[in-house]
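Novice: below is the sequence, then the predicted model.
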Amino acid sequence: MSLTAWKETYSVNIRELDEQHRRLLGLVEQLRTAMRQGRGKEELRRIFDGLVAYTATHFACEERLMEAHGFPEYEEHQRIHAAMTRKVLDLQRQFHCGRLGLSLEVLKFLEEWVEKHILGTDKKYGPFLNQRGVT
């Protein structure tokens, strides 16, 4: 699956969150390009550190909006975020330990993030928040 180009199907119809999701797609493209070009570990480290920072910022933003507007699946979404955060931090730890082939695992994780989390879990809050005036 090629996930580097933004498609309207990825939209949750909330400008701020769509912009953040576009940033995730940019990180996927940067990782894919770095792998294809055989760039060194420092480039991959920079991309990976960006992913960790993105995860914390993005999930906090989503959760703030869901909690503020009483999204009924907030706690479940928060649990999913916690599991994804643990996975990102675990992948980062493995990367820093020099595990070979990690970049492929990270790329697969990011693609599943878009396919399963954004297109599945995140799509649920969009209409709910839109009805409460969040756009």
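Specialist: Perfect, thanks for sending it.

Novice: for the helix or strand hosting Glu105, packing partners?
Specialist: Under the criterion of DSSP states H and E, Glu105 resides in helix 102-112. The contact analysis (3 or more CB pairs under 8 Å, 6 or more residues apart in numbering; DSSP states H and E) places helix 102-112 against helix 15-36, helix 41-68, helix 74-96. (Each C-beta comes from the backbone N, C-alpha and C, glycine too.)

Novice: closest one to Glu115 among the ones you listed?
Specialist: helix 15-36 (11.2 Å; CB to CB).

Novice: now do the contacts for Thr135.
Specialist: Asn13, Ile14, Arg15 (CB atoms under 8 Å, 6 or more residues apart in numbering).

Novice: burial count for the last one?
Specialist: Right, Arg15. Residues near Arg15, counting by other CB atoms under 10 Å, number 11.

Novice: His77 now?
Specialist: By the criterion of other CB under 10 Å, His77 has 21 neighbours.
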